[in-house]
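**Student:** Need coordinates for the below:
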Amino acid sequence: MKLLSSSFKLYRSFGLSAVFLFIHLGAIFCVCFTPVLWWINTALTVCIITNLAVVVRCYILQDSAEVISQLWREDDGRWGLGKTSGEQFFAIISPPVFTSSYLIVISFLVSGGIKISLPIFKDSLSKDDFRRLKVILRTM
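**Tutor:** Residues are numbered from 1 along each chain as shown. The predicted structure follows:
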């Protein structure tokens, strides 16, 4: 059945970048109004900005060899994940899976007990692929 053996290519997501930017700006706002020493505020702000840079590089620009840029479902229920470096590996879905109208978050369990969370915003896939992925995940 074509629905169950679909392959999905992930693209850059500007919606996800807006969400990450909002979260990080909120964290900086909270740190700035927390009554602690000034150097602690500065250190925490630098850490948040550094994390934002890493998140933007990995999830938004997809400018890292370790970024998952493709996923597909095998006939035996496993999921294949492809990195931008060309490396491919298999994983199983680890609950919970979050699906909404704009966002899907899938947790994968890779061999060795490593857990990978993959956020997929609506503009990361075509409209039909996003709908198809939601249907596949809801019927599992």
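**Student:** How is this protein divided into domains?
**Tutor:** Residue ranges of the domains in the chain are recorded as 7-11+65-138, 14-60, according to automatic domain parsing.
**Student:** Output those domains as JSON lines; include the columns mean neighbour count.
**Tutor:** Heads up, the C-betas are built off the backbone N, CA and C, glycines and all. Shown next, in JSON lines, are the domains of the chain (neighbours: other Cβ atoms under 10 Å):
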{"stretch": "domain 7-11+65-138", "mean neighbour count": "15"}
{"stretch": "domain 14-60", "mean neighbour count": "13"}
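**Student:** In JSON lines: these, plus mean pLDDT.
**Tutor:** Formatted as JSON lines, the domains of the chain follow (pLDDT from 0 to 100):
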{"stretch": "domain 7-11+65-138", "mean pLDDT": "90"}
{"stretch": "domain 14-60", "mean pLDDT": "91"}
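**Student:** I'd say residue 137 and residue 97 touch.
**Tutor:** Yes: shown here, residue 137 and residue 97 form a contact pair, counting by Cβ atoms under 8 Å, at 5.2 Å.
**Student:** between those two, what contacts are shared?
**Tutor:** Here residue 137 and residue 97 share the contacting residues 104, 106, scored by Cβ atoms under 8 Å, 6 or more residues apart in numbering.
**Student:** Right, I'll call it a day here.
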